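# Build me a model:
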Amino acid sequence: MRRAGQGSTARNDVLAHPTPSVPPTISRILQLPAAPAPRPRTRQQLQQQIRQYGTRRNVNGRRLPPGPPPPRSWYAPILSSRPPPGVHRSVEEILLCPLPQAFTPHHGSLIDIMLHQLAANWSVQKDWNRFYLYDMPDRIRTALIYYVSKYHESGISISDLRLILLGPTDGELAEYELEKPDPAVLNASIHHLDLTGSAGSSISLRSLAELLFPTAAVVAAEVADSWDAPEPLLSPTAILPNLTHLSLAIDRQSGEGPSWRQLLSLSAKLSGLTHLNLSGWPTPSTTPNAIITKMVSAETGRTVNYGATTVYSHALDDDWSEAVSILKRLSKALYRLEYLDLTGCGHWLPALYKEVDAELTVDFVDWSREWGKITVLRLCSGYYGEHMTPDSDETQLREWKKEATFVEKRIRAQRAGQGHFIIVEKDPLED
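Here you go, the predicted structure:
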């Protein structure tokens with residue numbers, strides 16, 4: 001008993017007064033024995049340390065981070081991950097898909113919560129943080145544009161888009177002695193622009209074209225001092241010089257809708273576009289508001305239709321000449337397209353495979369030349385699961401799938417196994 005007590009006392013003395021250690025290099029030079037490994041701590045020792053140092057250690061004896069303990073709300077289910085009821089705006093209950101390879105934060109993640117809050121309080125954030133928004137990482141800026149465009153009550157405006165891509169105005173930058181950013185450097189890594197829900201309502205395609213491709217200022221030519229003097233370098237006029245993915249999916253419930261005429265004008269400057277989303281767009285027409293408008297011809301004096309498409313053109317006459325002409329012009333401008341999303345456009349799918357009579361020729365959308373690089377074509381209705389329409393629309397959905405099948409057969413017949421293989425995504429309805 002005495003020896004056991006003495007041994008226990010000796011061990012406690014060793015623990016209370018540990019032998020000082022030396023560096024391994026010096027220990028090898030002096031040929032000192034290796035220090036014994038520390039003995040594992042028992043639960044009694046851990047409890048003694050907790051009583052001695054307070055509750056700032058966990059059950060394993062590790063020191064907790066300094067400061068007060070985190071509030072209980074951090075451990076509770078994150079309710080803020082769900083945006084307020086007024087933030088979400090449905091695109092006519094159509095389930096839309098994001099652009100391929102786009103940065104989409106995981107639902108409930110910190111970035112998702114942050115972007116939802118920015119979109120919900122965008123009217124305050126765009127004024128309070130106007131000097132910081134354009135300096136965020138590129139993928140955060142592109143995601144912010146998507147969130148504000150889709151979830152904000154009024155969508156994203158052209159001034160909001162300018163603020164995120166270019167920063168404040170020149171006057172505000174000069175007031176705070178800040179250097180004006182170079183768009184070619186600032187936006188060099190931005191390849192995606194998702195304006196889902198805002199195209200045609202809060203932002204027009206004409207204003208978008210003016211923002212992305214501003215007119216170059218006319219500078220008076222100066223006489224060079226020497227013939228060998230290099231010409232001054234002009235900065236690129238494109239705000240997004242490397243834009244390849246564009247989404248113009250619309251909300252049919254608000255705004256006047258997009259303009260095919262403006263889209264044709266914009267597409268002439270976007271020859272490098274490879275991915276395009278036109279979900280929910282109306283039937284291609286340059287005069288959509290003149291379907292029932294008539295006019296008196298100055299040559300014959302008879303009453304004629306003002307536009308090329310009338311109320312009976314598609315339903316009774318099966319005339320898709322104007323729609324085919326517009327799509328053909330679009331295909332010639334966007335000849336590098338590899339991905340085309342036409343979700344919710346089932347009412348004008350016949351324009352993708354119909355052949356119409358033109359002047360001394362037959363006009364149709366050429367899927368083997370202009371759009372011969374397209375490998376993914378989405379022709380879904382957009383109604384799945386909880387987005388499904390009532391049973392009365394089941395016939396319409398089947399008709400749209402039938403038209404999508406006709407488009408797929410037309411493309412495969414034109415390419416005849418020689419072009420790129422194409423995937424036509426349709427509704428998974430039972431035949």
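# what sits up against the helix of greatest length in the chain?
Of all segments of type helix in the chain, defined using DSSP state H, the longest is helix 394-415. When contacts are defined by Cβ atoms under 8 Å, 6 or more residues apart in numbering, helix 394-415 is touched by residues 346-347, 349-350, 352-353, 366-368, 372, 377, 379, 381, 383, 389, 422, 424, 426-427, 429. Placement of C-beta: from N, CA and C, glycine included.
# So which of the residues you listed belong to strands?
Taking DSSP state E, the ones among the contacts of helix 394-415 that sit in strands are 377, 424.
# If any of the contacts of helix 394-415 are buried, give me the PyMOL selection for them.
Applying 16 or more other Cβ atoms under 10 Å to those leaves a buried subset, and the PyMOL line that selects it is:
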select buried, resi 346+349+350+352+353+367+372+377+379+381+383+422+424+426+427
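# just to revisit the earlier point, buried ones in the longest helix of the chain?
Those would be 397, 400-401, 403-404, 407-408, 410-411, 414-415, for helix 394-415 by 16+ other Cβ under 10 Å.
# Now render the residues you listed as CSV, adding pLDDT.
Formatted as CSV, the entries for those read as follows, by pLDDT from 0 to 100:
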residue, pLDDT
Leu397, 84
Trp400, 88
Lys401, 90
Glu403, 92
Ala404, 93
Val407, 94
Glu408, 94
Arg410, 93
Ile411, 94
Gln414, 92
Arg415, 92
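# Could I get these in TSV, plus columns for distance to Glu177?
Supplementary listing: these in TSV, determined by distance: Cβ to Cβ, whole Å:
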residue	distance to Glu177
Leu397	60
Trp400	58
Lys401	61
Glu403	60
Ala404	58
Val407	57
Glu408	59
Arg410	61
Ile411	57
Gln414	60
Arg415	59
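# give the contact list for Ala333.
Neighbours of Ala333 in contact, by Cβ under 8 Å, 6+ apart: 264, 267-268, 270-271.
# again, but for Glu179
If a contact means Cβ under 8 Å, 6+ apart, then Glu179 has Leu173 as its contacts.
# Secondary structure of it: a strand, I assume?
No. The assignment for Glu179 (DSSP: H, G, I helix; E, B strand; the rest coil) gives coil, which keeps it out of a strand.
# Give me the pLDDT value at it.
pLDDT, the model's per-residue confidence, is 89 for Glu179.
# separation between it and Lys126?
According to Cβ to Cβ, to the nearest Å, Glu179 and Lys126 sit 21 Å apart.
# where do the strands sit along the chain?
In chain order, the chain shows strands spanning 192-194, 245-247, 275-277, 294-296, 303-305, 339-341, 356-358, 361-363, 376-378, 423-425, with DSSP E as the criterion.
# Export those as CSV, with columns for distance to Ile158 and mean pLDDT.
Conversion of the strands of the chain to CSV gives the following (distance: least, Cβ to Cβ, whole Å; pLDDT from 0 to 100):
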stretch, distance to Ile158, mean pLDDT
strand 192-194, 13, 96
strand 245-247, 15, 97
strand 275-277, 19, 97
strand 294-296, 34, 51
strand 303-305, 34, 48
strand 339-341, 23, 96
strand 356-358, 36, 74
strand 361-363, 35, 79
strand 376-378, 28, 95
strand 423-425, 32, 92
